[in-house]
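[1] sequence and predicted model, in that order:
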Amino acid sequence: MTLTTPFTQLNLSVNEWRTWMFTTLFLVGNLLLPQLCHFIPNGGLMLLPIYFFTLIAAYKFGLKVGLLTAVLSPLVNSLLFGMPMVAMLPVILTKSVLLAVFAAAVARRSKSVSILLLALVVLSYQLIGGLVEGLIAQNLLAGVQDFKIGFPGLMVQILGGWMVLKALANYER
């Protein structure tokens, strides 16, 4: 079993129909997965589902699809389901955008996917996003809650993301 897989990122243009098709697919994923996780007590806080498809979108399909997914997912979820709460949108949007930027950059530069690279992406967006969250909340402990409560979700992003991206590694059309 190889842990590092050669990988081609499709850096799609905003003008391409595929950009909007993939954004829509990942948006739907980011709508459905949180709804499923909310059946589990504290499932949203524990599993961090709103970030999963943003990671896949940005890593495989580039910054534009990643950013569209990162911004639209929390906004549409909040509008349709009231989650995340409006008060949490600045933090979640910040983390989502950071995730998209880091995932797209790592995939573009490394031209591979591995558990280590995904761990780097997830830790980077969580550390910087957590610092921003701590500053917004004026409580640095609030900024590390995803490492404490959301640890299972971070592992799902890393390991689940690796499995999905490894499966998508040869998709180039």
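    That came in fine, so what should we check first?

[2] how about low-confidence regions in the protein?
    Judged by pLDDT under 70, the chain has its weakly predicted residues at 1-2, 173.

[3] what lies in contact with stretch 22-34?
    12, 44, 49-50, 52-54, 56-57, 61, 65, 68-69, 72-73, 76-77, 80-81, 83 (Cβ atoms under 8 Å, 6 or more residues apart in numbering). (Each C-beta comes from the backbone N, C-alpha and C, glycine too.)

[4] let's see which of those residues end up in helices.
    Among these, DSSP state H puts 44, 52-54, 56-57, 61, 65, 68-69, 72-73, 76-77, 80-81 in helices.

[5] about what we covered before: may I see the ChimeraX selection of the buried members of the contacts of stretch 22-34?
    Filtering these down to the buried ones (16 or more other Cβ atoms under 10 Å) takes a single ChimeraX command:
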select :12,44,49,50,52,53,54,56,57,61,65,68,69,72,73,77
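
[6] out of the ones in helices among the contacts of stretch 22-34, who's nearest L93?
    When the ones in helices among the contacts of stretch 22-34 are ranked by distance to L93 (Cβ to Cβ), S73 comes first, at 9.4 Å.

[7] in contact with the closest one, which residues?
    Contacts of S73 (Cβ under 8 Å, 6+ apart): F26, L27, N30, L31, I50, F53, T54, S96.

[8] now do Q9
    Q9 makes contacts with Y59, K60, F61, G62, A104, A107, R108, K111, as judged by Cβ under 8 Å, 6+ apart.

[9] now name the helix or strand holding the fifth one.
    Looking back up the chat, that one is A104. Element membership for A104 (DSSP states H and E) is helix 89-110.

[10] for L33, see how far away L159 is.
    With distances taken as Cβ to Cβ, to the nearest Å, L159 is found 15 Å from L33.
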